[in-house]
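Engineer: The following comprises the amino acid sequence and a computationally predicted model.
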Amino acid sequence: MIKKLRIDQFIRVMRLIEDKFFIYVLSLFISTFSLAMYEIINSLINKELLNAAVTQHYDLVYKIIIFAVITFIILNVVFDPVARYINRKIIRKTIFHIRVNVFRHLMDYPMTYFKANHSGDLLSKVNNDLNQLEGAYGDNIHRVISTLIQGIGATITMFLLDWRLACMTIGLGIISMVVNMAYAKPLGRISDKIQKYTGTSTQYFTDILSGISIIKICNIQKILTNKYYEVNKDITDEEMKKTALNAQNNSLNFLISFLNIIGILCIGVIMFNYGLTDIGTIMAIITLQNSSNNLFLRLGGFFSSLQSSLSGAVRILELLDNKKEPQMKSGIGEPSIYRNDIVAFKNVSFRYGGKNDTIKNINIHARKNETVALVGPSGGGKSTILELMLGFYTVEYGDIIINEKSIKSKSMTELRNEIAYVPQNVHLFGTTVEENIRYGNLAAHDQEVIRAAKAANAHDFIMALPKGYQTIIEQGGEGLSGGQKQRIAIARAFLKDAPILLLDEPTSSLDTMSEGLIQQALERLATERTIIMNTHRLSTIQKVDRIYVINQGEVVEAGHYNELINQSGLFNKLIYTML
Ligand SMILES: Nc1ncnc2c1ncn2[C@@H]1O[C@H](COP(=O)(O)OP(=O)(O)OP(=O)(O)O)[C@@H](O)[C@H]1O
């Protein structure tokens with residue numbers, strides 16, 4: 001839906017041009033003023049030439065033509081192109097800065113935003129809206145201002161030439177404005193629908209790109225193609241309705257414009273016969289009537305297309321306005337220093353926004369260099385517990401202790417410097433293997449990167465890649481196996497060398513050999529770190545210091561493997577489902 005742009009938002013959009021604003025406005029004015037003057041000069045030359053031809057008096061004509069040619073060269077050959085170039089340059093630089101600014105802002109957004117917003121929508125926001133914004137700063141605003149200046153200039157000149165013919169032109173202009181207004185509303189509604197359907201179409205496309213393997217496996221190509229067909233058919237249907245309405249509107253405008261010219265000619269000739277005007281004035285008014293009419297005919301349309309392109313700007317402003325990730329440090333837990341506990345959940349409850357708590361009054365702890373496992377049925381809340389530690393969500397009830405201090409007393413940077421995280425679905429960036437590992441510690445030397453890769457059992461397969469550590473990984477890690485991706489992520493965690501390591505199903509869906517390599521790497525990591533892991537692997541669980549069984553957001557059992565196996569609780573039932 002196209003949002004109306006408020007004046008304060010318009011001012012903010014313009015202020016995004018920052019210190020170049022004055023030059024931007026000046027260049028816009030010079031360019032539009034040159035256009036307006038071109039038409040006025042043209043009409044006045046027509047008038048003088050025709051009258052001179054009729055009266056055979058050429059004395060003044062030469063002077064007027066010389067003056068007109070010099071003015072034309074100064075305005076339209078020198079000023080206008082230079083002004084346009086400067087204007088474009090400012091727009092390009094502004095868009096460049098906004099693009100980078102939006103990207104920077106997005107990085108600081110809370111996780112809740114990314115979970116709630118479809119990536120396709122975000123993509124469309126950033127790309128379409130910036131393109132629209134560029135159009136708004138450039139062509140759209142240029143059209144509105146040049147139509148205004150040309151229209152006002154032409155109307156004043158017409159009145160100075162002959163007020164009666166000018167009144168007739170303006171009368172017809174007002175009629176065409178009424179006609180255009182009747183079409184504006186349905187056209188606006190159709191444009192809103194087209195924009196909405198286009199968003200849905202982009203979303204389907206992004207879904208297809210990111211989930212192509214699932215689509216193939218589930219054999220749902222046909223269903224998705226049909227959906228894509230339907231939404232694109234809707235776009236085409238609406239486009240056709242828009243074309244039909246525009247065609248009707250345009251033909252009415254042509255008719256009114258034609259009647260205007262015929263009217264000026266007929267009335268002008270009658271006036272000429274009575275000696276009330278001259279031929280040159282009639283022709284000058286015919287030359288100017290188009291610009292004057294545009295004031296009524298096109299200004300509204302140009303203004304609404306400026307408004308709709310600025311609706312992209314509103315969304316960009318929303319992106320720049322959206323709340324950044326809360327930086328904790330609320331002070332609530334400031335003085336609390338918890339000795340011995342590297343990680344501790346103290347009566348923590350959390351909900352994602354619904355009515356029920358996802359995590360219910362949980363107490364978990366891990367001491368220095370302990371390894372703790374979270375096990376339990378799917379959807380119990382294990383990943384949520386890890387994400388709370390990472391500060392992806394704010395803890396409202398209870399407190400989490402990380403490295404002996406409350407999470408609420410730490411900034412996000414401080415908190416995340418203390419934690420290394422290997423997620424269930426490893427993401428690798430579209431850059432070299434080396435850089436992917438180095439993201440764990442940007443200051444690390446090459447030798448440290450290699451050492452981390454060796455410790456993660458990744459060095460050998462990296463060396464077998466076409467360019468070793470300098471091999472560019474396809475975005476998302478396509479072209480590498482699940483185990484290879486996992487080992488690069490573990491190398492990254494090694495390099496980070498944080499005191500706490502969080503692992504979300506580190507060996508899920510791996511073959512025994514890959515699992516063995518990863519287990520070895522993790523055991524190396526465990527020697528000097530506190531590890532909290534979500535896992536379903538029996539072999540892993542048997543070795544950890546403590547197990548927490550999480551069910552429906554609660555800790556239902558806790559203890560060492562040997563203790564839990566001898567109880568007849570949930571763990572005992574789960575053990576049969578573990579590998
Ligand atoms: N972003 C979210 N918004 C709303 N609810 C969520 C969100 N993420 C998870 N949940 C819900 O919270 C509950 C716990 O999910 P969580 O992923 O923590 O479970 P889990 O024990 O890690 O499951 P699994 O073993 O299957 O990974 C589930 O009911 C899930 O639907």
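Structural biologist: Now that the structure is in, tell me what you want to look at. Residues are numbered from 1 along each chain as shown.
Engineer: Helices along the stretch 51-200 of the chain, start to end?
Structural biologist: Listed in chain order, the helices of the stretch 51-200 of the chain (DSSP state H, counting those that start in this stretch) span 59-72, 80-107, 111-116, 119-135, 141-161, 163-210.
Engineer: show me where pLDDT drops low in this structure?
Structural biologist: Applying pLDDT under 70 to the chain picks out residues 1-5, 118-121, 124, 213, 323-341, 475-477, 506-515, 578-579.
Engineer: Tell me the spacing between the residue most central in space within it and K93.
Structural biologist: Centroid-nearest residue in the chain: V126, 2.4 Å away (criterion: CA atoms, centre = their mean). Separation of V126 from K93 (CB to CB, to the nearest Å): 18 Å. Yep, even glycine has a C-beta here, placed from its N, CA and C like the rest.
Engineer: ok, now I316?
Structural biologist: Distance, I316 to K93, using CB to CB: 16 Å.
Engineer: Check whether the residue nearest to the centre of the chain really touches V102, as I assumed.
Structural biologist: Yes: with contact defined as CB atoms under 8 Å, V126 counts as touching V102 (5.9 Å).
Engineer: any residues in contact with both of the two?
Structural biologist: By CB atoms under 8 Å, 6 or more residues apart in numbering, V126 and V102 have these common neighbours: L319.
Engineer: Next, the angle from the host helix or strand of N250 to helix 141-161.
Structural biologist: In this assignment (DSSP states H and E), N250 forms part of helix 221-273. Counting by axes from the mean of the first three to the mean of the last three CA atoms, to 10 degrees, helix 221-273 lies at 10 degrees to helix 141-161.
Engineer: Could you tell me the angle between the helix or strand that helix 221-273 is followed by and helix 221-273?
Structural biologist: For helix 221-273, the following helix or strand on the C-terminal side (DSSP H and E) is helix 279-297. With the same axes, to 10 degrees defining the directions, helix 279-297 sits at 150 degrees from helix 221-273.
Engineer: List the buried residues of helix 279-297.
Structural biologist: Neighbour-count burial for helix 279-297 flags 279-297 (criterion: 16 or more other CB atoms under 10 Å).
Engineer: what does this protein have sitting close to the ligand?
Structural biologist: Contact residues, the chain versus the ligand (CB under 6 Å from any ligand atom): K115, Y352, T358, S378, G379, G380, G381, K382, S383, T384.
Engineer: Mark which of those residues are buried, thanks.
Structural biologist: Neighbour counting with 16+ other CB under 10 Å marks T358, G380, G381, K382, S383, T384 as buried within those.
Engineer: So the fourth one is in contact with I364, correct?
Structural biologist: No: taking contact to mean CB under 8 Å, the distance of 10.7 Å between K382 and I364 leaves them out of contact.
Engineer: any residues in contact with both of the two?
Structural biologist: Residues touching both K382 and I364 by CB under 8 Å, 6+ apart: L374.
Engineer: Just checking, which helix or strand succeeds the strand or helix carrying R315 along the chain?
Structural biologist: R315 belongs to helix 299-321 when assigned by DSSP H and E. As assigned by DSSP H and E, the chain's next helix or strand after helix 299-321 is strand 341-350.
Engineer: So A558 belongs to a strand, correct?
Structural biologist: Yes: assessed by DSSP: H, G, I helix; E, B strand; the rest coil, A558 belongs to a strand.
Engineer: thought A455 was touching F494?
Structural biologist: Yes: at 5.1 Å, A455 and F494 qualify as touching, with contact defined as CB under 8 Å.
Engineer: Neighbour count: those two, which is higher?
Structural biologist: A count of neighbours by other CB atoms under 10 Å puts F494 above the other of A455 and F494, at 27 against 19.
Engineer: Apart from its neighbours in sequence, what residue is nearest that one?
Structural biologist: Once flanking residues are discounted, F494 sits nearest to A452: 3.9 Å by CB to CB, 6 or more residues apart in numbering.
Engineer: Which positions in the helix or strand hosting the one you found come out as buried?
Structural biologist: Counting by DSSP H and E, the element that carries A452 is helix 446-455. Neighbour-count burial for helix 446-455 flags E448, V449, I450, R451, A452, A453, K454, A455 (criterion: 16+ other CB under 10 Å).
Engineer: can you check stretch 17-32 too?
Structural biologist: I17, K20, Y24, V25, S27, L28, I30, S31, T32.
Engineer: now could you export just the CA positions of it as PDB?
Structural biologist: Only the C-alpha atoms of stretch 17-32 are listed here, as PDB (Å, rounded to 0.1, in the frame of the first residue of the first chain):
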ATOM      1  CA  ILE A  17      21.100  14.900   0.900                       C
ATOM      2  CA  GLU A  18      22.900  16.500   3.800                       C
ATOM      3  CA  ASP A  19      25.400  19.300   3.100                       C
ATOM      4  CA  LYS A  20      24.800  19.200  -0.600                       C
ATOM      5  CA  PHE A  21      21.200  20.200  -0.200                       C
ATOM      6  CA  PHE A  22      21.700  23.800  -1.300                       C
ATOM      7  CA  ILE A  23      23.600  22.900  -4.500                       C
ATOM      8  CA  TYR A  24      21.000  20.200  -5.200                       C
ATOM      9  CA  VAL A  25      18.100  22.800  -5.000                       C
ATOM     10  CA  LEU A  26      20.100  25.300  -7.000                       C
ATOM     11  CA  SER A  27      21.000  22.800  -9.800                       C
ATOM     12  CA  LEU A  28      17.300  21.700  -9.900                       C
ATOM     13  CA  PHE A  29      16.200  25.200 -10.200                       C
ATOM     14  CA  ILE A  30      18.600  26.200 -12.900                       C
ATOM     15  CA  SER A  31      17.800  23.200 -15.000                       C
ATOM     16  CA  THR A  32      14.000  23.600 -14.700                       C
END
